[in-house]
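Q: okay, structure incoming, though there's no sequence with it:
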């Protein structure tokens, strides 16, 4: 069942076929277009950082983040699906990673500690939030001073992968919602073939830095 809430289409039900969902999320071929390592470099993920992976799913980014921040850093893996978090825990155990805390988020609350994260990442998840601006405000409250929010999501057009186009939130709509939540665009990266990649900070007037798309000359 789909419903409108805050202008967004939102499917609150669990995946009809959970194993198929996990297979898509953890498909090794996903790295060909998601470019996980390059995303983490562009997002400025450093050793010792605290990162919130909001909408972690079964852990595609979570495990890479855990390795990137190292033992002195920490990752909060937030998801509304308990079965996804169980998969995260299984993978952490197999790899001996102890710097991740899985968190069951519900509704408009990610249940993250306030003022704790250097970076919050929301990847391919924003269209699931029942009230996007309210959720972004809560995420902003979990950032440390100088912290940033990284949002990556599918462009609102047909692509070989991703949700149906009418489920997607266009870049312009996301940025309007972010502005309502007191967040401002400070950087944008254009190397992902199917997704926009924006970086925001709370209440800033910093100049926006846009990277060229792959193959395009630098400005």
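A: In hand now; what should we look at? Note that the structure is a prediction, hence the values are computed from the model and not measured.

Q: C-alpha from now on. contacts and neighbour counts both.
A: Noted.

Q: can you list the buried residues in stretch 22-37?
A: By neighbour count on 16 or more other Cα atoms under 10 Å, the buried set for stretch 22-37 is 22, 25, 34, 36.

Q: what's the lowest-pLDDT member of the residues you listed?
A: Lowest-confidence member of the buried residues of stretch 22-37: residue 22, scoring 79 (pLDDT).

Q: returning to that earlier point: okay, and which of the buried residues of stretch 22-37 map to helices?
A: Residues of the buried residues of stretch 22-37 located in helices (DSSP state H): 22, 25, 34, 36.

Q: chain neighbours aside, what residue packs nearest to the third one?
A: Right, residue 34. Spatial nearest neighbour of residue 34, excluding adjacent residues (Cα to Cα, 6 or more residues apart in numbering): residue 192 at 6.8 Å.

Q: residues near the one you found, how many?
A: 19 (other Cα atoms under 10 Å).

Q: is it fair to say it lies in a strand?
A: No: under DSSP: H, G, I helix; E, B strand; the rest coil, residue 192 falls outside any strand and is assigned coil.

Q: tell me where the chain has helices.
A: Using DSSP H, helices in the chain cover 18-25, 31-34, 36-42, 60-69, 82-95, 132-141, 171-180.

Q: confidence-wise, which of the ones you listed is weakest overall?
A: Among these, helix 18-25 scores lowest, at a mean of 80.

Q: what residues does that helix touch?
A: 15, 30, 57, 58, 60, 84 (Cα atoms under 8 Å, 6 or more residues apart in numbering).

Q: how far off helix 60-69 does it point, in degrees?
A: Note on geometry: by axes from the mean of the first three to the mean of the last three Cα atoms, to 10 degrees, helix 18-25 and helix 60-69 are set 50 degrees apart in direction.

Q: okay, the angle between helix 18-25 and helix 82-95?
A: 60 degrees.

Q: on that earlier part again, for the residue nearest to residue 34, what are phi and psi?
A: Main-chain dihedrals, residue 192, degrees, to the nearest 10: phi -80, psi 130.

Q: flag the shaky bits of the protein, pLDDT-wise.
A: Counting by pLDDT under 70, the chain has low-confidence residues at 1-14, 107, 204-219.

Q: report the longest strand in it, please.
A: Scanning the chain for the longest strand, with DSSP state E as the assignment, gives strand 143-154.

Q: just checking: what are the partner strands of that strand?
A: The sheet places strand 143-154 alongside strand 117-123 (parallel), strand 195-202 (antiparallel), with pairing taken from DSSP bridges.

Q: which parts of it are buried?
A: 143, 147, 148, 149, 150, 151, 152, 153, 154.

Q: quick one, what contacts the fifth one?
A: Remark: with contacts taken as Cα under 8 Å, 6+ apart, residue 150 is in contact with 43, 119, 120, 121, 122, 197, 198, 199, 200.

Q: distance of the closest residue to residue 195 other than its chain neighbours from residue 169?
A: Excluding the flanking residues, the one nearest residue 195 by Cα to Cα, 6+ apart is residue 154, at 4.2 Å. When Cα to Cα, to the nearest Å is the yardstick, residue 154 and residue 169 sit 8 Å from each other.

Q: same thing with residue 200?
A: Counting by Cα to Cα, the gap from residue 200 to residue 169 is 17 Å.

Q: with neighbour numbers in mind, choose between those two.
A: The neighbour comparison of residue 200 against residue 169 (other Cα under 10 Å) goes to residue 200, with 26 against 22.
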